[in-house]
Structures are given as C-alpha cells and as structure tokens.
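Asker: A structural model of the following input is requested.
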Amino acid sequence: MDQQAAIDYVLSLAREQGEPDVDLIVERSEQLSLRVLNGQVEKIDQATALGLGIRVVHQGRTGIASTERLEATALEKAFRSARENALLNDPTEVMLPQAAPDLPDPQDLELLNPAIERLTVDELGAFGLEVEATARQADARVTAVPYLAVSRSSSAYRIVSTHGVDYQQRQNNVGAYCQALLEDGERRKSGGHMWAGRAWDPAQSTLIGNTAVRKAADLLTAGPVSGGQVPVVLDEYCAPQLLGLYLGCFSAEAAQKGQSRLQGRLGELIADESLDLSTEPHRVGAGSSRYMDAEGIPTRPVPLIAKGRFEEFMYHIESARRDGRESNGHAGRSYSGGIVTSGHNIVMPTGAHSLDALVGLPETCLLVTELEGAAGCNPLSGDISIGVQGFWIENGQRKQAVDSVTIAGNFFEVLKAIRARGNTYQPNLSRMFIPAVLVDGLTVSS
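Answerer: A predicted model of the protein is given here:
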C-alpha cells in the first residue's frame, strides 16, 4: 500500500484497539552517488529507504516499533509490538500534543530544490571528472586523487498522530568531496575539500579540486611549533565542528541523567558577556529547519546563551514534564528509534572581523584549518584534546604551516575565552552557524 493508506491503516488499528495516544513517523530517503578514479566513473550507487515507526502511549507507558514494509501484516505486527513494548516499560511523562493550528507552509523554508532531483548520472559524473582533472592539473606534485565522490540525496518525513497532528516536509542537497595526494621528495601529504548545498553549481568543480590540492601543498611545508598557551583561531569550518561536539550539554535530558555540567546552572554566567547562542529552526534553507518537531510540537527559536548567561535547556515532551516545563520543540526521531533531543540549527552571531583581521588581533596565534579526529574530546567533562592542522601566525602573517599539533583545553572555559568572532559562516549546507572564533589560552603542543 502507499504511504497514505499505511497511515490510515495504523490510525484505524489505534481506534480498533482503543489506543487514543498513538503517533507515527514515515521516512523516505533516496541517494545517488558515484566515485571517480583515474578519469573514469568507477562506481555508481543508488539507494532508497522507506520506513514507518509507531509510538503507542498506553496508560502512561511508551512503546515503539517500526517496519520497512507498508503492508497490512507488517503494520499490524509493528503496532502490536509497540503496544506490547509499552506494557513492559516503566511509566513515562509523555502526553501527546493536540494538533497545532496555523503552522506555516514548510515550502517557505526552501529546503527542496527541484533542479537537484533532475540531476542525472551523466551530469554528476561530468562534475566529478572535472574535479579530478582540476586537481591533477593544479600542481605537478599531485600523484593521485585517491578519493572523489559526488552525490545527490533527498529525504521526506511525515508525522501523524491520533490527536490530529499531520506535518510533512521534503528536502534535498547535492555535494562532493575530493582528496588529493602530493609528493615532494620523501614527503607525502594529502588534502581534502568538501562542498555541499541546495543549488547545483558546476563551477564548484574548480574550487573543490584546487582547494584539496592547496591544502595538501600547505602540509608539505609544515613543521613543528613551540608549545604553550597561545591564542587560537578556529576558522569558520573548524569552529562549528569542534564546538558542535559539546552542545549536548544544553539538552535537558542529558542534565536530568547527570550527563551535563550545566545541570542546576540556569541564569549563571557561563560564557563571555558578548556571546549569544541559540537554536533557530526557522532559518531558511538551513540543514535542520522545520516548523514542527518529531512529537508534533511547534518549533521556535530558543536562546541557549544570552549575553553570556545560560538561558534555557532544549526540551522534548518527557524531559520538559520532568522539570515542570513545556516542551520547546526539540524532539528528534527516526522511524526506527525513540525520541532524542535535537538542536535543530545552532546559531552564534557573527562578529566584526574577516578571518585575516581576526588572526591579526594577537601578536602571535595558531590558525586551525583542519581537525584530525575527536578521540580525545569528552562531551561530558568538556575536555578538549584534538589534533589539528593550520598555520602559525605572527603579526597577522602566515609564517609556517603546522601539522601533527594538538590543542587542549575545556569547552566551558572556551566559552569564557572567546575574544572575537569572524564576520561570515562557512558556505556549505549546515545546521551549525558558528563563525571563526579567537580563543585565548588553549594549550598547543607538537
């Protein structure tokens, strides 16, 4: 049966079984991706996924189940499993909401570009081949382009409940990643660059190839630097990556489980007084924009930090009721899983400085342009220990590329030590809108 028939069937099962508190989510995703190697399209993959998840709240107990087959037998089995799971679970604080009136049209968020849906294998392949050709021609020291992928993807989800909730939206994007390998004598270094967006732009092929090669070329001249506590600038790509590792501390659910150092600190000064941080789910074209969360609660902008003070946790229905609050629309859910806290789009306002001006503020600093894994980062304690690549800066000038350098500190101290911010966000499609930041006092070691 089609999606609408499957939804109607589940709602009829709820009525027949006397279950007034049921919601469901239907998700569908499609991806077309290809690999380019040595002047040829080496591999083409096309995948489609479809699933329906059911949540039953039975006498205060919550059960979930899912199926990837939209047929009566499978839907009945999933509904029965969700109901049985509810009977086995402890009571929760979940009460399903009534349908919200007058929600805006999800199309206003501009998440779907029909032109992307029409991109063919030939067009994606030609784009990938142009990226590879650009990379190989960019520098005589290029010996290989070991990884180059181009893809387009789309997704759709719909949330429906026995309380009249019915919300759906679609979104898509296109992107590519190129890795280039350079050799100079005994030295071998690779560099990579990713592009992702909601607009098809064939001219990006030149930028992707050239940028991947430039990053590898910079590393061929990298050397050690003296350690110690020095100012560090995280560029507009690295700042959202690093700070994003720790934003789970703003989840009320995490605080209730003793997994956030912000527990009991509402209203306290936790950051530099110039710093604001918020969730903005209505940002046009952004990666996690939506007018309704995964439980049927209308979303709204929520200030997490305002002028340095901790303002509000992110709540879904259950975590909000535990604190005697109302959900502020931060529930996330996949068809095969339960409710989690979702931050939607995280936004830190831009500052007044270009990246060049930002690195010129201190006499010396380390400019970080690449992160190398996060094994040493602990989201619970806030501890940061991560390998980075970048440049040693003196009087605003790049004096030396650096590689195999570690920066260390603590996320909660970083919030207090952000001294200035860049004036732009990274251009790729993202849910993290954090500009470059100048941080005082991180420990740098080679």
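Asker: Report the separation between the two terminal residues of stretch 246-263.
Answerer: Using Cα to Cα, to the nearest Å, the gap from the first to the last residue of stretch 246-263 comes to 14 Å.
Asker: What are the buried residues along that stretch?
Answerer: 246-255, 260-262 (16 or more other Cβ atoms under 10 Å). Where C-beta positions appear, they are placed from N, C-alpha and C, glycine not excepted.
Asker: next one: stretch 217-227
Answerer: 217-220, 222, 225.
Asker: farthest-separated two in those residues?
Answerer: The span of those, defined through Cβ to Cβ, is set by 217 and 225 at 18.9 Å.
Asker: Would you mind writing the CA trace of stretch 376-387 as CSV?
Answerer: The C-alpha trace of stretch 376-387 is given here as CSV (Å, rounded to 0.1, in the frame of the first residue of the first chain):
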residue,chain,number,x,y,z
GLY,A,376,40.5,13.0,23.0
CYS,A,377,37.3,15.1,23.3
ASN,A,378,34.9,14.3,26.2
PRO,A,379,31.5,15.9,25.8
LEU,A,380,30.6,15.1,29.4
SER,A,381,33.6,16.8,31.1
GLY,A,382,34.1,19.3,28.3
ASP,A,383,37.7,18.3,28.0
ILE,A,384,39.3,19.0,24.6
SER,A,385,42.4,17.3,23.2
ILE,A,386,42.4,17.1,19.4
GLY,A,387,45.0,17.0,16.6
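Asker: can you pull the buried residues of that stretch?
Answerer: For stretch 376-387, by 16+ other Cβ under 10 Å, it's 377, 379, 382, 384-387.
Asker: circling back to that earlier point, which among the buried residues of stretch 246-263 gets closest to residue 407?
Answerer: residue 246 (14.1 Å).
Asker: if I look at the spatially closest residue to that closest one that is not a sequence neighbour, how far off is residue 254?
Answerer: Of all residues not flanking residue 246 in the chain, residue 411 sits nearest, at 4.1 Å (Cβ to Cβ, 6 or more residues apart in numbering). Distance from residue 411 to residue 254, counting by Cβ to Cβ, to the nearest Å: 14 Å.
Asker: Next: residue 342.
Answerer: From residue 342 to residue 254 the distance is 13 Å (Cβ to Cβ).
Asker: list residues touching both of the two?
Answerer: Jointly contacting residue 342 and residue 254 under the rule Cβ atoms under 8 Å, 6 or more residues apart in numbering is no residue at all.
Asker: Look up the closest residue to residue 164, ignoring the ones flanking it.
Answerer: residue 99 (3.5 Å).
Asker: Just to be sure, the one you found is in a strand?
Answerer: No. Per DSSP: H, G, I helix; E, B strand; the rest coil, residue 99 lies outside any strand segment and is coil.
Asker: Start and end of stretch 110-126, how far apart?
Answerer: Stretch 110-126 has an end-to-end distance of 27 Å (Cα to Cα).
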